[in-house]
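J.: Predicted model, plus sequence, below.
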Amino acid sequence: MKKVFALVMALCMVLLLCACGQQQTGTGATESPTASDATTESAESSGSYNIWVCDKSAVHQYHRTLKLGCEAAASDLNVNLTYDAPAISGDAAAQLDMFATAVAAKPDAICIGAIDQEAVVATMQKAKDAGIPIFCYDNGVNSDIPVTTLATNDLEATRTLAEKIGEGCNGEGGVLVIGHDQTSKNGVERTNGFIDALNELYPNMEILDVQYSNDAAVVTEIAKSMITSYPDAAVIYGTCDNVINGILNAVAELGVEGKIKVIGYDSGKQQTDAVRAGTVYGSITQAPYSQGYDIVKNAVDYLNGEDIPESINATYYYYNAENIDEPEIAQCLYD
């Protein structure tokens, strides 16, 4: 009888221990973080930021190279990057819609190369009201809202162009000008800065005509009309790669290579090929990859509490057939 009683008591103890074990395991499972909680905790501890970039063009080689720089910075700095740009270069209305979408998404910072320096200001104010810092690149805007503006000093660069072409023409001859737009800061400064510098440095060089378009096909027709109307013009100047490509097409169609000096801005393949061939007298190249990298890095530095200057001069070089393959210039070409 005692043996039976002892056996029953032992069985009860085993059952009790099993029950306790199950209860302890159940409590542990309940207190463990869920999968979503773990993901949130990991994201917070990583310190990553959400950076939105609103660029000027999804198709222009300059901006495609700039995008690569943005992506490299995002990878190196462990930030989440959203890049957006109009399918048509210079489409200010499309960029404004993208900018508004970016503000509504409430990222940690927005970087923008503004197409219209006036139209973007109202949306920038909304971003400021929402506590979203703005970082401008490629050109500035008519506002003190941006934390900084990283851009080429276009007035300085176009003065360099004026000096070089004036020397090449011995301070004489008529000049044709085609600007890519009249709304962006760099569009205005690349056009007016060149004209003002040329008037100051070489008063005997006359500005014969000034037209505007950022469509290479349209520029081709504009340039053909200008060259035909002013057959003795010594120089034709274009303010960006699209414009220069249109000018080069016009020069080829009219068969006036070598008869008129072409000068420009940017360094896409058609232009750099023409520089090497001597069809383009000289041009200004920027550094789009480093510009994209640096604007994202400056945004991250600011979010990390670092002081950022209100304006940052981006790298540029004057290049021609003689120096185009020098290492410091070659690395800035995006052909």
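T.: On my side now, so go ahead. Numbers count the residues shown, from 1 in each chain.

J.: going forward, measure contacts and count neighbours with C-alpha atoms only.
T.: OK.

J.: count of neighbours near residue 272?
T.: Here the number of neighbours of residue 272 (other C-alpha atoms under 10 Å) works out to 24.

J.: Make 4 the starting number, not 1.
T.: Understood, numbering begins at 4; the last thing we discussed is residue 275.

J.: Find the nearest non-adjacent residue to residue 109, please.
T.: residue 135 (7.0 Å; C-alpha to C-alpha, 6 or more residues apart in numbering).

J.: could you list every residue that touches the one you found?
T.: Counting by C-alpha atoms under 8 Å, 6 or more residues apart in numbering, residue 135 makes contact with 106, 109, 110, 111, 112, 113.

J.: can you rerun that using 10 Å?
T.: 106, 109, 110, 111, 112, 113, 127, 128, 129 (C-alpha atoms under 10 Å, 6 or more residues apart in numbering).

J.: what do you get for residue 305?
T.: Contact partners of residue 305, counting by C-alpha under 10 Å, 6+ apart, are 112, 136, 138, 150, 151, 299, 311.

J.: do residue 303 as well
T.: Applying C-alpha under 10 Å, 6+ apart, one finds that residue 303 lies in contact with 51-54, 76-77, 80-82, 111-112, 297, 309.

J.: likewise residue 104?
T.: Taking C-alpha under 10 Å, 6+ apart as the criterion, residue 104 is in contact with 57, 98.

J.: Can you show me the helices along this structure?
T.: Ranges of helices within the chain are 5-34, 38-49, 64-80, 95-108, 124-132, 157-171, 188-204, 219-232, 244-257, 272-280, 291-306, 330-333, based on DSSP state H.

J.: Report the distance from the fourth one to the chain centre.
T.: I take that to be helix 95-108. Its chain's C-alpha centre and that of helix 95-108 lie 15 Å apart, by C-alpha atoms, centre = their mean, to the nearest Å.

J.: The third one now?
T.: Counting by C-alpha atoms, centre = their mean, helix 64-80 is centred 8 Å from the centre of its parent chain.

J.: May I see the buried residues of stretch 262-281?
T.: Going by neighbour count (16 or more other C-alpha atoms under 10 Å), the buried part of stretch 262-281 is 263-271, 274-275, 277-279, 281.

J.: ugh, typo on my part, it should be stretch 196-216
T.: The neighbour-count criterion (16+ other C-alpha under 10 Å) identifies 196-201, 205, 208-211, 214-216 as the buried residues of stretch 196-216.

J.: what's the most distant pair in those residues?
T.: Across the buried residues of stretch 196-216, the longest distance by C-alpha to C-alpha is 26.2 Å; it joins 205 and 216.

J.: quick one on the thing from earlier: could the contacts of residue 305 be laid out in JSON lines, adding pLDDT, neighbour count and distance to residue 254?
T.: Listed next are the contacts of residue 305 as JSON lines, based on pLDDT from 0 to 100; neighbours: other C-alpha atoms under 10 Å; distance: C-alpha to C-alpha, whole Å:
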{"residue": "112", "pLDDT": "98", "neighbour count": "23", "distance to residue 254": "44"}
{"residue": "136", "pLDDT": "98", "neighbour count": "21", "distance to residue 254": "45"}
{"residue": "138", "pLDDT": "98", "neighbour count": "24", "distance to residue 254": "39"}
{"residue": "150", "pLDDT": "98", "neighbour count": "17", "distance to residue 254": "43"}
{"residue": "151", "pLDDT": "98", "neighbour count": "23", "distance to residue 254": "40"}
{"residue": "299", "pLDDT": "98", "neighbour count": "28", "distance to residue 254": "39"}
{"residue": "311", "pLDDT": "96", "neighbour count": "14", "distance to residue 254": "45"}
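
J.: Now do the same contact list for the nearest residue to residue 70 once chain neighbours are set aside.
T.: Counting by C-alpha to C-alpha, 6+ apart, residue 295 is the residue found nearest to residue 70 once chain neighbours are left out, at 6.1 Å. Residues near residue 295 by C-alpha under 10 Å, 6+ apart: 56, 58, 66-76, 114, 140-141, 153.

J.: Please, a ChimeraX command that selects the buried ones among these?
T.: To isolate the buried members of the contacts of residue 295 in ChimeraX, using 16+ other C-alpha under 10 Å:
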select :56,58,66,67,68,69,70,71,72,73,74,75,76,114,140,141,153
